[in-house]
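Trainee: I'd like to go over a predicted model; first the sequence, then the structure.
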Amino acid sequence: MIGYVTLGTKDIQRSAKFYDVLLAEVGASRFMEMETFIAWAVEQQAPALSISEPADGNPATVGNGVMVALGVENTDQVDKICAKAIELGGACEGPAGPRSDSFYAGYFRDLDGNKLNVFCMTAA
């Protein structure tokens, strides 16, 4: 089981503002914070999403083929979160909509170019 996923950032404060608003849409809030690391979760021991400035001091880069998927309860939440990501300055990577008979998703990039997806499973 995944405990947390960390995305690199070039600007922790700018990224934190993006994720504070975006992750509030799924009921997540900050539960751990240090100078170069912030983590959000719905519950303290639940899977979390975090951002971090790279520990090696080199610039954060986007992982080719890496994507973080955020599961939600319904298609309305998918639509709302994707729209919120774009409103906050993210870039659309595929608008929200059905991808199969039972998978509804939207894709976007955060302010640092990290790719995310928000999805829900629907009745086939």
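Mentor: Cool, the structure landed.

Trainee: How many residues are close by Pro54?
Mentor: 14 (other Cβ atoms under 10 Å). Using the backbone N, CA and C atoms, a C-beta is placed for each residue, glycine as well.

Trainee: Tell me which helix or strand the spatially most central residue of the chain sits in.
Mentor: Nearest residue to the geometric centre of the chain (Cα atoms, centre = their mean): Leu116, 5.3 Å. In this assignment (DSSP states H and E), Leu116 forms part of strand 115-121.

Trainee: and that strand, which strands flank it?
Mentor: When pairing is defined by DSSP bridges, strand 115-121 lines up against strand 68-71 (parallel), strand 103-109 (antiparallel).

Trainee: Three-state assignment for Pro59, please.
Mentor: The local conformation at Pro59, judged by DSSP: H, G, I helix; E, B strand; the rest coil, is coil.

Trainee: Distance check, the residue nearest to it when sequence neighbours are not counted against Pro54.
Mentor: Once flanking residues are discounted, Pro59 sits nearest to Lys10: 6.2 Å by Cβ to Cβ, 6 or more residues apart in numbering. Distance of Lys10 to Pro54, given as Cβ to Cβ, to the nearest Å: 9 Å.

Trainee: Can you classify the spatially closest residue to Glu33 that is not a sequence neighbour as helix, strand or coil?
Mentor: Distances taken as Cβ to Cβ, 6+ apart place Ala39 nearest to Glu33, at 7.4 Å, with adjacent residues excluded. Under three-state DSSP, the three-state class of Ala39 is strand.

Trainee: Surely Ala39 and Ser50 touch.
Mentor: Yes: at 3.7 Å, Ala39 counts as touching Ser50 under the criterion of Cβ atoms under 8 Å.

Trainee: what about the strands in the protein?
Mentor: 4-8, 29-34, 37-41, 48-52, 68-71, 91-98, 103-109, 115-121 (DSSP state E).

Trainee: measure Pro59 to Ala85 for me?
Mentor: 23 Å.

Trainee: Between these two, which has more neighbouring residues?
Mentor: Between Pro59 and Ala85, Ala85 has the larger neighbour count (other Cβ under 10 Å), namely 27 against 10.
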